[in-house]
Every structure is written in C-alpha cells, then in structure tokens.
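Q: attaching a predicted model along with its sequence, questions to come.
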Amino acid sequence: MSVAAERVLDELKRGRAVLIGGADGLAVLSVELATEEALSLFDGDGRADLLITDKRAQSLNLANQRPAAGMRAVRLARPDWIDAAGSVAVADPVLDLSSPLKGPFSTRPVGDDSLAAAALQAAKLAGLLPALHVRAARPADAELLSVPAAEIMSLRAPETLREIGRAKLPVKGAEDGRVVAFRSPGGPEHLALLVGRWDRGTPLTRLHSACLTGDVLGSLKCDCGDQLHAAVAAMTEAGGGILLYLQQEGRGIGLINKLRAYALQDQGYDTVDANLRLGFEIDERDFGIAAAMLKMLGVSSIRLLTNNPGKVSGLSALGIDVTERVPLVAGHGPLNEGYLATKRDRTGHQF
Ligand SMILES: Nc1nc2c(ncn2[C@@H]2O[C@H](COP(=O)(O)OP(=O)(O)OP(=O)(O)O)[C@@H](O)[C@H]2O)c(=O)[nH]1
Ligand SMILES: [Zn+2]
C-alpha cells in the first residue's frame, strides 16, 4: 500500500502541484483544476509544457507528431499565448466546438516515459482529465508531495484487494442475497452479491461496472440498470450466481469524465469517439480486480453473463475459466438504440 500515492492523488484533485519520481522527476499540475495563479506559481518562467495522451493528441490533429511506438504520452510546448484557461481548452474536448482554434503546437521529447505514464495514470486515477502542466522538478519543489512512479502504477493493483466483510443482503429478485465487500487500501469498494447456491459447479456470474446514471437515476441512455436487475433474476432462476459490482464507473474513466463523454454525445460523437477525444482508451477497465475477487471467493470456473467478448477474453487471460458466455439482453429502447449499435459495430458486442 502506498500512502504517498494516495496523498498525491488527493493533492492533484485539489489543484495543487505534485512530484512524480522525486527530486529528479516531474512536477505536474492538473490542467483542468489549475487556476491562473496556481499556474504562474508553478511556471514562473513560462517553461512548463503540457502533457496529454496519444488519444487526445490525435483528436487535436497532431497526427504528424505521433509519439514513438508504444508511447502513450505526448508533450506539447505551451505557447505563451495559452494561459491556464487556454490549456483547459486543449485538454477538454467539450470545449472543442466553442474554442476550435487550437495550435499550431509543437511536441517536445517526453523524456522518461515511465514518469510521464505514471503522471497521466495519476490524473486518471484521480478522476481528472488526463492532461497535466509539466516541468522538470526543481530544488524549490522539495516542499511538494512526491511519489515514485512505480507506486502510482501499482496502486489499486488486484493484489492489494482484501475482503473486508460479509452480510446478508436481501434484494429485489433475490431475497437470499448475501454481500461480500472488498477494498484496496484507500481505493474504491467493490462488492460481490451472492445469490442462492452459487458454490456448485460453474456459477452464473456477472461483472457489472458501476453506472450511477443508469443503475440509480434510471438513465435511458444505456442498458445498465435493466441489465443489473435482469442478471439477478437470471441467477435466481438458475438457482444461484455471483454478481460483482465493480466501482469502474464509465468503463473506468470515472463519473465526471463519463458525464463529459455524455456532453460530447450531445454534440454528436458516439460513446467510443467520446472516450478517445477525452484522451482515454475506449475501455479503461481492468478485469484483474474481478478475477481477484472471484479467486478470493474460491471460484475459478464460471458461466459469464455478458454480450462483451472482451470480458470473456480478459477473464480467461487472468486464469478464470469461462466455460460459457450467456447473453444478457435487457433494457433496449429507442433512446439507447444508437449506443447499443455502437457497441455492436465498434466494440464487438454480440447482441
Ligand atoms: N465512458 C463511457 N462509459 C459509459 C457510457 N455509457 C455507459 N458507460 C459505462 O459503461 C459501463 C457498462 O459496463 P457493463 O455493464 O459492464 O457493459 P459492457 O462492458 O458493455 O458489457 P456487457 O457485459 O455486455 O453489459 C458502466 O461502467 C457505465 O458507466 C458512455 O457513453 N461512456
Ligand atoms: Zn449505464
């Protein structure tokens, strides 16, 4: 467990500068949270750059300045006419229509790729846009909170997951439900809902990624809420099952960034392009957490309720034997037709 890493994420979320990699590392400041004052304090001599992901660089038409193969970070010189607010417009695609004139930009060598990757990962783990003001650490930065890059990369790793407790949890559709709570130090809570006699053979299993808008508010933009209830019903009907409720909101980009993706969808982008324009991968989820939870429950072989072949291959690669993919079709309606068609056509979902 890394207390330093958790503190660094917290500091980033408060709009303060942090060090990745100590005195020889990178000083970084979240672009979306930096005030003009914080930026001029961070970058008195105007030499800090912008660090963004390869995905965001592509949507800024920096295709001629692609990072070297395998590199995910792109470093841009910040021209002096771009202030803190202008930097937000570089980072946040929701502003692409209202402030379209960006660039020309020139890229700079990223330097130590592991530092840059850890810095962007820290922004993602903090639920922020993956865009940072960045410069080399200076002696005066000694007062900033610092963390080794490796500690950011191993934060929330599946091995850090612990079972915290169990309780009965009768739910609609499964009055015999029991819940098992898991947590990584400082990280989000993941739950397993156990339905009926799930411990025989290969239990019917569902990996459900949190969707506050769909699960709680009843959003009609997606199929999540109905899939959640249909999964519990299917488990009861099968005599038992395991539902993992994973805190991986927005396919792992976090709630606020998912709402930014929704704003982009209001502008006409589909769910895939919205993620990419924001600078994220199409799917940022790590099914390692789910595999670890199943192993801790003593389960190594499952029948998986999903339409997403990526979940089947992801779990199989992590040592869970998926003996069958069981389709889960629920919640299709006129308002999510386009969303589901995108899943079918662009992410290989099988409906
Ligand atoms: N980034 C992003 N996430 C979304 C969007 N719509 C829904 N989500 C998230 O997508 C996730 C849905 O995950 P799952 O229910 O596991 O669905 P799936 O991966 O499509 O696969 P299935 O098992 O077939 O349902 C949830 O975390 C939602 O919050 C969107 O437009 N953008
Ligand atoms: Zn949803």
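A: That came in fine, so what should we check first? Ligands and ions are numbered 1, 2, ... in the order given.

Q: may I have the phi/psi pair for the residue nearest to L204 when sequence neighbours are not counted?
A: Once flanking residues are discounted, L204 sits nearest to G241: 3.8 Å by Cβ to Cβ, 6 or more residues apart in numbering. Every C-beta, even on glycine, is put in place using the N, C-alpha and C of the backbone. Here is the backbone geometry of G241 (degrees, to the nearest 10): phi 180, psi 180.

Q: can you tell if stretch 226-240 touches ligand 2?
A: No. Using Cβ under 5 Å from the ion, stretch 226-240 stays clear of ligand 2, coming no nearer than 8.4 Å.

Q: from the chain's centroid, how far away is that stretch?
A: Here the centre of stretch 226-240 is set off from its chain's centre by 26 Å, with Cα atoms, centre = their mean, to the nearest Å.

Q: buried residues in it?
A: For stretch 226-240, burial by neighbour count (16 or more other Cβ atoms under 10 Å) applies to D226, Q227, L228, A230, A231, V232, A234, M235, T236, A238, G240.

Q: all the strands of this protein, in order from the start?
A: For the chain, the strands defined by DSSP state E cover 18-20, 26-30, 49-53, 73-77, 107-108, 131-136, 146-147, 162-168, 178-183, 189-196, 204-209, 240-246, 301-305, 321-326.

Q: the fourth one packs against which elements?
A: Looking back up the chat, that one is strand 73-77. Contacts defined by 3 or more Cβ pairs under 8 Å, 6 or more residues apart in numbering; DSSP states H and E place strand 73-77 against strand 49-53, helix 54-59, strand 107-108, helix 113-125.

Q: low-confidence ranges, the stretch 51-200 of the chain, go.
A: Counting by pLDDT under 70, the stretch 51-200 of the chain shows low-confidence ranges at 63-70, 101.

Q: for the stretch 201-350 of the chain, same thing?
A: Using pLDDT under 70, the stretch 201-350 of the chain has no residue that qualifies.

Q: what parts of it come near ligand 1?
A: The interface of the stretch 201-350 of the chain toward ligand 1, taken as Cβ under 6 Å from any ligand atom, is made up of 207-211, 222, 224, 227, 248-251, 253, 258, 261, 271, 275, 306-308, 311, 343, 349.

Q: picking that back up, tell me which of the helices and strands packed on strand 73-77 sits most buried.
A: Greatest average neighbour count among the helices and strands packed on strand 73-77 goes to strand 49-53 (a mean of 25), per mean count of other Cβ atoms under 10 Å.

Q: neighbouring strands - and their directions - for it?
A: Strand pairing for strand 49-53, determined by DSSP bridges: strand 73-77 (antiparallel), strand 131-136 (antiparallel).

Q: output these as a markdown table; include the columns distance to L19.
A: Listed next are the strands paired with strand 49-53 as a markdown table, based on distance: least, Cβ to Cβ, whole Å:
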| stretch | distance to L19 |
| --- | --- |
| strand 73-77 | 17 |
| strand 131-136 | 10 |
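
Q: just put these in a markdown table and tack on distance to ligand 2 and mean neighbour count.
A: Shown next, in a markdown table, are the strands paired with strand 49-53 (distance: least, Cβ to the ion, whole Å; neighbours: other Cβ atoms under 10 Å):
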| stretch | distance to ligand 2 | mean neighbour count |
| --- | --- | --- |
| strand 73-77 | 29 | 22 |
| strand 131-136 | 25 | 24 |
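
Q: out of the ones you listed, flag the one nearest A149.
A: A149 sits nearest to strand 73-77 of all the strands paired with strand 49-53, at 11.9 Å, using Cβ to Cβ.

Q: tell me where this structure has helices.
A: Using DSSP state H, the helices of the chain run over 3-13, 36-42, 54-59, 84-91, 113-125, 149-154, 224-238, 255-266, 271-277, 288-296, 309-317, 337-346.

Q: what's the second one packed up against?
A: In this structure, helix 36-42 makes packing contacts with strand 26-30, helix 84-91, strand 131-136, judged by 3+ Cβ pairs under 8 Å, 6+ apart.

Q: now distance to G288 too, for these, in CSV please.
A: Converted to CSV, those look like this (distance: least, Cβ to Cβ, whole Å):
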stretch, distance to G288
strand 26-30, 26
helix 84-91, 28
strand 131-136, 25
